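[1] structure for the following, please:
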Amino acid sequence: MIGENCGVLDELDRPREACGVFGIYAPGVDVARLCFFALYALQHRGQESAGIATSDGLGASLHKGMGLVAQVFAEENLADLRGHLAIGQTRYSTTGSSHLANAQPYLIETMHGPLGVGHNGNLTNAEKLRDRLLDRGVGLSSSSDSEVITQMLAAPPTGERRGAPDWEARIRAFMLEAEGAYSLVILTKDGVFGVRDPNGFRPLCIGRLPEGGYVLASESCALATVGAQYIRSVEPGEIIRLDADGFESLVGASAPSPSLCVFEYVYFARPDSVIDDQTIHRVRQSLGEALALEAPATGDVVVGVPDSATPAAIGYANASGIPYTEGLTKNRYIGRTFIEPNDRLRRSGVHLKYNPLRANLEGKRVVLIDDSIVRGTTIGPLVNLLREGGASQVHVRVSSPPVKHPCFMGIDMATNHELIGAVKTVEEIREHIGADSLAYLSHDAMMAAVTKASTSNSGHCAACFTGEYPISLPDDWEHRDKLALQGAWAGSAVQR
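    Numbering: from 1, shown residues only. The predicted model follows:
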C-alpha cells in the first residue's frame, strides 16, 4: 500500500506486515547500493516508505521518502550515501500514521556520533515509554514507536561511564523496558547491531558477503539478492554486532517461550525465504497437503489465489490428485500507483487486480485455495469472478484456521468487529462469499505442518487464531480495539 489513495487496489483482505529491515557492515563495498537491492527484495513487507542511512565512521547520511523502494531512490541520491556500514527499512505503518515524519530509518546525532534505527514490529507499551521520554524533556517529532526506541538508545543507562558509549548495555537496558515485537537494525559510528525481541515475534537473519563483511535482514531472500551466504537466524533475545572484527553474538534478554509469528509461514514471508531452516514454499505446500486430507472437495481443478496461495494450492493438488491449474491472472502493478480510481473503476472491485482464465475454468468444478480470510472483502468477489469465467462450482478451502482476534505485535490484522471469522460461523461465511462449500485448516494441522521439518525448539504465536497472546496486553486493549473501529485511536497496531 502506498499512502492512502489505493482504495480497492489495496489487498483489503490481507494482514499487512510492519516492515522489512536490512543492515550491512562491509568496508570497500558500495553498501548503499546493496542496501537498495536488499530492500527491493523485502518490498513485500512494506510498500509505504523506504529509507537508507549510511556511515563512514565519521559522519552519517540519510535518504528516505514515501513510496516504493524504486520510487524513493535514484542514482543521484544513492551516490550521496557513502560509507562502509548502512541500515535500511521499507515500511508499512502500524503505530504511527502514513507520513514522511514516520518513515525510517531514524537517524540522530549524539555526543558519540550518529545513531540510526530501523524497526520491524510494534511495542505494546509504547505509550508508557513515550510518556517517560516526554517527562524527561525529550522532544519527539513523530507518532512512531520506532522514534521512541531511537531516543531510548540515545540515553546512557544508569552507571555508564563518560567516554565511549556502551551500546550493548544501552540495548540491554532498552530490552528490559520494552514489551512487544521488535527486530531492529541499529547504526552507530563503528558498527551495526541486529536485535530480536525475546519472544522472537518477527524474523531476522545473518549472512556473509563473499568479498568480506556481514549483513542482517528480515528474510533470507534479501541475502540471496545481494549475494550473501545465509548463516543462521538471529535467536530470540539475541544481540548481533557487526564491526571490523566480523560478527559477534551477545546475550540480550530471554523469554520463557519464544513465539515466532505463524503468519510468516502462512502469508508474510516470501516463498523463497528460509525461516528456522525451512523453506517457506515447502511449508506452504505442506499446509495445502494437510488441508486436502482434512477438507477434501469434489472438483475438476485446483486454483490458488495468486500469488501467496499458489504453494498451498500445489500441495492440495498433489495430495488430492485433482490437477492444479491457473484460474486467475493477476495484474501485479495495479496497486503500485498514487492515482485513485474513479467511481466506475472502484465498483469494478477485483476486476482491477484479477482476471479469470476462461479456458481453464469453463464448465469446471473449481477448488479455490486461499491462505487466509481476514475481513472477507476479497474472497467473495473472487468466487464471483470464477463463476463469470465459466466455473460451474466453486469450493473454497483455506490453508489456515479462521482469523478471530486482532494482533498487537506489529501486524495490521483489523479489529475484532472487522474480522469475519470473529462475527460469523463458517456456514455464514460460506453464504456471505457465495461459495458452494467452505472449509478451513484446523489449528493443530497448521501447527504440525509448520513445525514438522523445523530444527528449532522455538514456539510460535498464533494469537490471531486462538486469542492466546504470549505477552501481556495493555490494560486498555479492548478499549483501543473499539476506538480503532471508529478511527479514533492513533497508537494502536490494529487501527490501519
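
[2] output stretch 184-195 as CSV, restricted to C-alpha atoms.
    What follows is stretch 184-195, C-alpha atoms only, in CSV (Å, rounded to 0.1, in the frame of the first residue of the first chain):
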residue,chain,number,x,y,z
LEU,A,184,16.0,-3.9,15.0
VAL,A,185,18.9,-2.8,12.9
ILE,A,186,21.0,-0.2,14.7
LEU,A,187,23.7,2.0,13.1
THR,A,188,26.5,3.6,15.2
LYS,A,189,29.7,5.2,14.3
ASP,A,190,31.7,2.0,14.4
GLY,A,191,29.3,-0.8,13.7
VAL,A,192,25.8,-2.2,13.0
PHE,A,193,23.7,-4.1,15.6
GLY,A,194,20.9,-6.5,15.0
VAL,A,195,18.4,-7.1,17.8
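
[3] quick one: the strands in the stretch 251-400 of the chain, in order.
    Ranges of strands in the stretch 251-400 of the chain, per DSSP state E, counting those that start in this stretch, are 259-261, 274-275, 278-279, 301-304, 328-330, 354-356, 365-370, 393-398.

[4] so what strands line up beside the fifth one?
    When you say that, I think you mean strand 328-330. With DSSP bridges as the test, strand 328-330 is paired with strand 354-356 (antiparallel).

[5] what mean pLDDT does the strand it pairs with get?
    The average pLDDT for strand 354-356 rounds to 93.

[6] and if you look at stretch 174-194?
    If you average the pLDDT over stretch 174-194, you get 95.

[7] Throw the strands of the stretch 251-400 of the chain into a markdown table and include mean neighbour count and distance to Glu235, thanks.
    For glycine as for every other residue, the C-beta is placed from the backbone atoms N, C-alpha and C. What follows is the strands of the stretch 251-400 of the chain, written out as a markdown table (neighbours: other Cβ atoms under 10 Å; distance: least, Cβ to Cβ, whole Å):
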| stretch | mean neighbour count | distance to Glu235 |
| --- | --- | --- |
| strand 259-261 | 25 | 11 |
| strand 274-275 | 22 | 13 |
| strand 278-279 | 18 | 16 |
| strand 301-304 | 27 | 33 |
| strand 328-330 | 16 | 37 |
| strand 354-356 | 20 | 40 |
| strand 365-370 | 26 | 33 |
| strand 393-398 | 25 | 32 |
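
[8] buried residues, the strand ranked longest in the chain. List them.
    Longest strand in the chain, counting residues (DSSP state E): strand 113-123. Across strand 113-123, burial judged by 16 or more other Cβ atoms under 10 Å covers 113-123.

[9] and the furthest pair within these?
    Gly113 and Asn122 (28.3 Å; Cβ to Cβ).

[10] if we can go back for a sec, which neighbouring elements make contact with the helix or strand just after the longest strand of the chain?
    Downstream of strand 113-123, the first helix or strand assigned by DSSP states H and E is helix 126-135. If you count contacts as 3 or more Cβ pairs under 8 Å, 6 or more residues apart in numbering; DSSP states H and E, helix 126-135 packs onto helix 145-154.

[11] try 10 Å this time
    Under the contact criterion of 3 or more Cβ pairs under 10 Å, 6 or more residues apart in numbering; DSSP states H and E, helix 126-135 touches helix 145-154, helix 167-177.

[12] just the C-alphas of stretch 399-412, formatted as CSV.
    Coordinates of the C-alpha atoms in stretch 399-412 are reproduced here as CSV (Å, rounded to 0.1, in the frame of the first residue of the first chain):
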residue,chain,number,x,y,z
SER,A,399,-4.9,-23.2,4.4
SER,A,400,-5.1,-21.6,7.9
PRO,A,401,-7.8,-21.5,10.6
PRO,A,402,-10.4,-18.7,10.9
VAL,A,403,-8.8,-15.4,12.0
LYS,A,404,-10.7,-14.3,15.1
HIS,A,405,-8.5,-12.0,17.1
PRO,A,406,-6.5,-8.8,16.4
CYS,A,407,-2.8,-8.6,16.5
PHE,A,408,-0.9,-6.2,18.9
MET,A,409,2.6,-7.4,17.8
GLY,A,410,3.1,-5.4,14.6
ILE,A,411,0.6,-6.8,12.2
ASP,A,412,-2.4,-4.8,10.8
